[in-house]
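**Q** mind looking at a prediction? Sequence and model below.
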Amino acid sequence: MQANKLWWLFAALQVGWSIVVPPSDHNNVCTTPECKETAKRILSGMNSDINPCDDFYEFACGNYISETAIPPQRTAVNRFVETMMKLEGEMKHVINSNPPSGGTQTPRTKMYYIFKSCEKPDTTEAIEVKNLKAVLKDSGFASWPKVALAASQPKKQYYVINEQGWNGLFGISVEVNYFNPGTHAIFMDVPHLRTLDGASIS
């Protein structure tokens, strides 16, 4: 009688286990070049020498942090930025590889000429930077952005903001939240002036 109960218990456990843990299906593994490239990027960013129970962030992103260089003219980089840069590069290649030969002004032709006009040096930005530097000098920020630590002077800050807007002191944008990609967040960064580099602020 006891053996019969044990047999039924074993059979029930076997049925339950087969429901909870379905058999593996290798056909569900993506083997396309895109999936392989994505998996390669994820694995290359991981630090497998770290125990994930000790430091999961270092385990998942350790190699990416130590081996990734921040591109010029950027203050930070992440997978979203890399994807955006790759997309921009591919779009540039597509546009430049098929220059219009004249004739009908199609949307593609217009897009080509608009893109080319954006690549030309913009003297307007250089003038804006020059005017901004003059405003900063007049308001007491002569060595900006290398300002010496001193007591806050809100009147000067308000003056610059009134003259040049928020972007005169810092940039504000709404971007994807890195810590929760399903949401957006307000980011405060350097001024949104592309020509504001070491040469233009000296």
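**A** Structure's in. What do you need?
**Q** since we're on V94, how many residues are nearby?
**A** Neighbourhood size, V94 [other Cβ atoms under 10 Å]: 11. Using the backbone N, CA and C atoms, a C-beta is placed for each residue, glycine as well.
**Q** wait, I meant M111
**A** Neighbours of M111 using other Cβ under 10 Å come to 14.
**Q** from K92, how far off is it?
**A** 12 Å (Cβ to Cβ, to the nearest Å).
**Q** which residues of this protein fall in helices?
**A** 2-20, 33-45, 56-67, 79-97, 107-119, 123-138, 154-164 (DSSP state H).
**Q** in the protein, where is pLDDT below threshold?
**A** 1-27, 103, 121-125, 128, 131-132, 135-136, 138-170, 190-202 (pLDDT under 70).
**Q** domain assignment for it?
**A** Here the chain is described, according to automatic domain parsing, as comprising the domains 28-68, 76-120, 122-202.
**Q** and the spatially closest residue to N78 that is not a sequence neighbour, how many neighbours?
**A** Nearest residue to N78, sequence neighbours excluded (Cβ to Cβ, 6 or more residues apart in numbering): Y178, at 6.1 Å. By other Cβ under 10 Å, the residues close to Y178 number 13.
**Q** burial count for P100?
**A** 14.
**Q** check contacts around it.
**A** Contacts of P100 were listed using Cβ atoms under 8 Å, 6 or more residues apart in numbering, and they are 106, 108-109, 112-113.
**Q** can you name the two of the residues you listed that are farthest apart?
**A** T106 and Y113 (11.1 Å; Cβ to Cβ).
**Q** so V94 versus T75, what's the distance?
**A** Taken as Cβ to Cβ, the span from V94 to T75 is 28 Å.
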